[in-house]
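Enquirer: Just the structure for this:
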Amino acid sequence: MAEVSFPVDVIDGILVVTAPEEIDITNASRLRAALLEAPGRGRCVVDMSRTQFCDTAGIHSLVGAHKRAQAQGGEIRLVITGAAVLRIFAITGLDTVIPHFASLDEALTQSSPPAGSS
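Expert: Residues are numbered from 1 along each chain as shown. Prediction:
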């Protein structure tokens, strides 16, 4: 199986981590490592627009990054477009905890959205 990466870019001073089609136990540690690059007080966007599946290991990585960012005065924002991923976030209640958006542009440009906005 080919190794899945989580490319990290900086757009307008904001760290953007691009997620693959699937986030699961086999690659969640790489997501966690990419998210550790986020500056503490800054904003980090996880572009999950291609992601169609995210298991509990992926959720755990995102929640950990969210808690770490909040503790340091920063923020994690998610771009979620896949129906299955949106559903798991709704079922777990994370859609009201971690701000998520329908596009990367929205996640980068909107000021301070309430959690659960899209």
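Enquirer: Next up, the contacts around the residue sitting nearest the centre point of the chain.
Expert: Nearest to the mean C-alpha position of the chain, counting by C-alpha atoms, centre = their mean, stands Val46 at 3.3 Å. By C-beta atoms under 8 Å, 6 or more residues apart in numbering, the contact set of Val46 is 16-17, 19, 31, 35, 62, 65, 76-79. Where C-beta positions appear, they are placed from N, C-alpha and C, glycine not excepted.
Enquirer: Can I get the helix or strand hosting Glu106 in PDB, CA atoms only?
Expert: Glu106 belongs to helix 104-109 when assigned by DSSP states H and E. Only the C-alpha atoms of helix 104-109 are listed here, as PDB (Å, rounded to 0.1, in the frame of the first residue of the first chain):
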ATOM      1  CA  LEU A 104     -11.000  26.300   1.700                       C
ATOM      2  CA  ASP A 105     -11.700  30.000   0.800                       C
ATOM      3  CA  GLU A 106     -14.300  30.200   3.500                       C
ATOM      4  CA  ALA A 107     -12.100  28.700   6.100                       C
ATOM      5  CA  LEU A 108      -9.300  31.100   5.200                       C
ATOM      6  CA  THR A 109     -11.300  34.300   5.000                       C
END
